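Student: with the sequence up front, the predicted model follows.
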Amino acid sequence: MAGRKPELSNVHYLPGSTQATSEQIAMTAKLKPVLPKAAGIVWDRLAPELMVLNRLKPHYVDAFGEYCYLLARIAEMRKMLADEGETYKIIGRNGAQIKSRPEVAQLNDDWRKLSRLTSCFGLTPSDEKSLITSIQNNLVDEFAEFS
């Protein structure tokens, strides 16, 4: 492609656009807490989108960092369980027994935590709908005093 590369500061997005602006991307990089590498990749992927949706504010950074950590940890644990299996066999006084790995219980616990944080940030369709409904109800209540 010929010519000078465009500067991101010259790019103007249409109102109501769901595209993350360079300012929002810079803000997410500035707010990013110290995270393990895999969790940092999740942050870099999701934080700009949440900033566009106005769901990631500076005081939510720690909770969203925990969300990113849990998502990365679940992915790593699933990979490990896929490689090693979810059960193991022991032979004891009662004969051979098949037991569930402790990592499976940890995965289930992490999934419960992730599910809670997912609903807090409105990251499922039903949670997003309830967030939008509550915002609309607040707007109706605010305008009711003027009628």
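Tutor: On my side now, so go ahead.
Student: tell me where this protein has strands.
Tutor: Using DSSP state E, the strands of the chain run over 87-92, 95-100.
Student: as a markdown table, the ones you listed with mean pLDDT would be great.
Tutor: Shown next, in a markdown table, are these (pLDDT from 0 to 100):
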| stretch | mean pLDDT |
| --- | --- |
| strand 87-92 | 92 |
| strand 95-100 | 93 |
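Student: can you pull out the helices in this structure?
Tutor: 22-31, 37-52, 61-84, 102-120, 125-144 (DSSP state H).
Student: among those, where is the model least confident on average?
Tutor: Of all the helices of the chain, the minimum mean pLDDT falls on helix 125-144 (a mean of 65).
Student: just to revisit the earlier point, pick the most buried one from the helices of the chain.
Tutor: Among these, the stretch with the highest mean neighbour count (mean count of other C-beta atoms under 10 Å) is helix 37-52, at a mean of 18. Backbone N, C-alpha and C define where each C-beta goes, glycine included.
Student: counting contacts, what elements does that helix pack onto?
Tutor: Packing contacts for helix 37-52, counted by 3 or more C-beta pairs under 8 Å, 6 or more residues apart in numbering; DSSP states H and E, involve helix 22-31, helix 61-84.
Student: just so I know, which of these lies nearest Val52?
Tutor: Set against Val52 and scored by C-beta to C-beta, these come closest in helix 22-31, at 6.2 Å.
Student: could you tell me the angle between the closest one and helix 61-84?
Tutor: Following axes from the mean of the first three to the mean of the last three C-alpha atoms, to 10 degrees, one obtains 80 degrees for the angle between helix 22-31 and helix 61-84.
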